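Peer 1: Predicted model, plus sequence, below.
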Amino acid sequence: MNNAVNNGVWSGSWVAERLGVQLVGDDELKQMLGLALRRNPKRAHLLVSNVLGKHVPQSPSVVYGAGFALGRRVRDLLGAEEAGAAVVLGYAETATGLGHAVADGVGDAPYLHSTRRPVAGVAPAGGFEEAHSHATSHLLLPEDPALLAGDGPLVLVDDEFSTGNTVLNTIRDLHERYPRRRYVVVALVDMRSAADAGRLADFAGEIGARVDLVAAASGTVLLPEGVLEKGQALVARYEAESAAEGRSSSAGASGLVAQFPAPLKGEAGAASFAGDGRTTPLGARGTARSTPTGPHPADNLTHPHPTRIDLHWPPGLPDGGRHGFTPQHRTRLESALPAMAARLAEALPKSARRVHILGFEELMYAPLRLARELEQVAEGIEVRYSTTTRSPVLAVDDPGYAIRTRLVFPAHDDPADGPGERYAYNVAGAGFDAVTVVVDSAADTPELHAPEGLLAQLTAHTPHVLLAVVPSYVPGAPPASPERPPMLSEPLRGPAFSSYAPEEVGWLLQDLSDVTLEAPTEEREEAIQSGGAHYAESLPVEYQPSEQYQALFHTALEETAARLAQAAGAVTELVLAERSPRPVLVSLARAGTPVGILMRRWAQFRHGLELPHYAVSIVRGRGIDANALRWLAAHHDPRDVVFVDGWTGKGAITRELADAIREFEASDGITGFDPEIAVLADPGSCVRTYGTRDDYLIPSACLNSTVSGLISRTVLRADLVGPHDYHGAKFYRELAGADVSVAFLDAVSARFPEVVDAVEAAAKELLSADRAPTWEGWAAVERISEEYGIHDVNLVKPGVGETTRVLLRRVPWKILARAGAGADLDHVRLLAEQRGVPVEEVAELPYTCVGLIHPKYTRGATGADGKAVNL
């Protein structure tokens, strides 16, 4: 981990040398603490913690782990019974996140932190003063006053324990109102003098309660006589020098911004490389300096404004412990964190390798947990975390000083004590590729977005700035809805979008027909397998079938139409019998859409029902379109929604949908959607609502858009799809001459009358059968992946439909065909021949065929001869 000693230089040595301040105590003390100077009439020096996540960017796992470990020690000290009755109280602003992490470590302890932000309608349950702070008044504003009224232990958490005055003030105030038998004081460092330690023991005896202390390290600061005056004079001198050189931080300029890496040790006027990529004259060694306040011409050409991220924070979940945070709140947060971190990760630029999550004053815990979750899921990215502060500290460009750079900006949350400066330390010049600012909605104000505001300051020093806003929790107020427009757009319909009749399907998509999204198959495969792009960010060039292939399609359709009609009828009867008498069909675009239309036609043919049918996007690894679900929930009962797809392969989309629905319920609080998919064919045994489990040719799999209403596969790309947009797709109007979408549906529907008896018998048999998924397809895929040395199940595509997709859209390596498979594979063999891909017969294969994507793709590694084959 980063610590306060780098390259043998302690980050407190600059202050120690000039003021004679000494830090003595445990060996790890100098690893945890550095020193800086501040403009404060009560205490000139500042102990700068390296594990707190306030002034020094640090790994979020280190920050959270430090607090959590202290909480575990408290639990061990108290024992299980007393720990179960404990309440944890953290101090604003620096220890709000630390205290919350301690509460997590204690176990099921509710958490509250003090605050300097009055909240209208919430009466204070207590308050106290912090003697050495620049902002002294603390309020306690629990939503439930009984939180402080129990007789279990009260655990008080601060970043440092110095004189003990703050703790004494707190205990004195609370003990008079809510007396209890035991208190535990927790701090990262115990820096009391011997005399102050005795004061705490005497006070415990005075009130008749036990007071324990838990700290990660202990020691003391030895201050020579006159250090306060000497420190104040030193601060004044350095700030005056900076002002005289035209590098002050007045009027909200991004002042006192210095180089973050160890500077070149040179004479006055030497040039040093600044953290934003520009050279800036360097004054006398150890002097604070600023970089220009405006953005560099080369900065942010593609991202001139911060990118807003919609986290989908769970409605009604507190943003922190200002009004109390219960074990139930903790459970909800833990459930929602993976999805929120995934949204953060998706919004980051693909080139980002060093990312900073910047919290906001008292809002420390939510950004910390988001940062820690991001650190765990974002491979190849170094994540750091810190927060802004109202504490003014001198910045000095010296490796022996703890605050190397400083950004200055106006307060942006309408503070009760009036406007003033706020600060972000050691962020500018740190070489971050992206900074994500996390604030609560009370701080998402015009001041935040102003030309001199925090976002503008950051934009001048990092290529990418992002903003995530957590709803400010106010007791008694209705839960804030996730950010979204007042109304989502109505579904797209043919003939304006797709070649289907308007009543057949409504597309909950946005039209991207005018955007060029196609890329050559080989280039897409290379980008996808290298991790440089997601498959949903581009489209393959539409395959134009030869006359031979089109003839094969029509032959297959003629031979299988009755079989398809029976399967469509059977699955529809299952849905009507088990799911809803008036289901809302929601097909997964685009392979599921022809099947959804066939099911709708069967319900009309057999039962006279006019079922609503919509098509939505789902993307492997990214989930279902949440805006589409919101539209559906606003217009239909979610319990009536039945998701429809064409077939199952190994079941990846089945699992993806189940995960996405759970995530949606957690983020939006909307329940009732059933993730069980209804399919024509379930050869992988992944679902219980199907027409058949045979693996046979569904002719719609033979083609792309020309059998799917001329609609492309769906697209999800951050620059095209905003937080309030549906996923996108293209309408290939220019392919109308080759379109067989309606012809396919009509050919199958024409067979409905002749399969009525067969459907009735099949439905009766299915309704009485054990249809529980066995997932045997997934097991087979895992086995094939290992046997063929692929070691990635995503590159194994089982079943006739998925194999066809591999040959049409990806870079195939080889095709495995079950020995004796007949006409169902004619089109597969033809495509494989055209692409130069070998077909290998396998005796024991649970599917009719399996397509293998080239496992170590480099451009040109396409067919049997290792050469790309042009279709």
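Peer 2: Thanks, I have it. Quick caveat, the model's predicted, so the values are computed rather than measured.

Peer 1: sec struct for Val435, please.
Peer 2: Taken by DSSP: H, G, I helix; E, B strand; the rest coil, the conformation at Val435 corresponds to strand.

Peer 1: does Asp319 count as helix, strand or coil?
Peer 2: Reduced to three states by three-state DSSP, Asp319 is coil.

Peer 1: So what's the residue count around it?
Peer 2: 25 (other C-beta atoms under 10 Å). In this view, the C-beta of every residue, glycine as well, is placed from N, C-alpha and C.

Peer 1: wait, it sits on Ala468?
Peer 2: No: using C-beta atoms under 8 Å as the test, Asp319 is too far from Ala468 to be in contact (11.4 Å).

Peer 1: Can you pull the residues that touch both of those two?
Peer 2: Common neighbours of Asp319 and Ala468 are not found (criterion: C-beta atoms under 8 Å, 6 or more residues apart in numbering).

Peer 1: Pull out the buried residues from stretch 334-345.
Peer 2: Under the neighbour-count criterion of 16 or more other C-beta atoms under 10 Å, stretch 334-345 has 336-337, 339-345 buried.

Peer 1: any idea how far it is from the chain center?
Peer 2: Stretch 334-345 sits 4 Å away from the centroid of its parent chain (C-alpha atoms, centre = their mean, to the nearest Å).

Peer 1: can you list the residues that contact it?
Peer 2: 309-314, 317, 369-370, 373-374, 376-378, 436, 466, 468, 622-623, 663, 666-667.

Peer 1: hang on, the earlier thing: so which of the buried residues of stretch 334-345 belong to helices?
Peer 2: 336-337, 339-345 (DSSP state H).

Peer 1: Who does the longest strand along the chain pair with, and is each partner parallel or antiparallel?
Peer 2: Longest strand in the chain by number of residues (criterion: DSSP state E): strand 210-222. In the sheet, strand 210-222 lines up against strand 22-25 (antiparallel), strand 182-190 (parallel) (DSSP bridges).

Peer 1: and the next element down the chain from the last one?
Peer 2: In other words, strand 182-190. helix 194-207 (DSSP states H and E).

Peer 1: For that next one, give the mean pLDDT please.
Peer 2: Here helix 194-207 scores 84 as its mean pLDDT.

Peer 1: ok, now stretch 649-664?
Peer 2: On average, stretch 649-664 scores 85.

Peer 1: before we move on, what about stretch 830-841?
Peer 2: Here the average pLDDT along stretch 830-841 is 88.

Peer 1: List the buried residues for it?
Peer 2: Buried, per 16+ other C-beta under 10 Å, within stretch 830-841: 830-832, 834-835, 837, 839.

Peer 1: so which pair among these is furthest apart in space?
Peer 2: Gln834 and Val839 (12.2 Å; C-beta to C-beta).

Peer 1: The strand or helix carrying Arg601: how far from the chain's middle?
Peer 2: In this structure, Arg601 sits in helix 592-607 according to DSSP H and E. The chain centre lies 38 Å from the centre of helix 592-607; the measure is C-alpha atoms, centre = their mean.

Peer 1: Tell me the helix or strand right after it.
Peer 2: strand 613-616.

Peer 1: For this structure, which residue occupies the most central location?
Peer 2: Against the mean C-alpha coordinate of the chain, by C-alpha atoms, centre = their mean, the closest residue is Ala341 at 2.0 Å.

Peer 1: give the contact list for the residue nearest to that residue when sequence neighbours are not counted.
Peer 2: Leaving aside its chain neighbours, Ala341 sits nearest to Glu373 (3.6 Å; criterion: C-beta to C-beta, 6 or more residues apart in numbering). With contacts defined as C-beta under 8 Å, 6+ apart, the neighbours of Glu373 are 337-338, 340-341.

Peer 1: quick one on the thing from earlier: got a list of contacts for the longest strand of the chain?
Peer 2: 21-26, 28-29, 32, 45, 47, 51, 66, 69-70, 73-74, 77, 161-162, 171, 181-193, 200-201, 203-204.

Peer 1: Write a PyMOL command that selects only the buried members of those residues.
Peer 2: To isolate the buried ones among the contacts of strand 210-222 in PyMOL, judged by 16+ other C-beta under 10 Å, type:
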select buried, resi 21+23+25+29+32+45+47+51+66+70+73+74+77+161+162+171+182+183+184+185+186+187+188+189+190+191+192+200+203+204
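
Peer 1: which SS state does the residue lying farthest from the centre of the chain fall under?
Peer 2: For the chain, the largest distance from the centre (C-alpha atoms, centre = their mean) belongs to Glu754, which lies 51.7 Å off. What three-state DSSP gives for Glu754 is helix.
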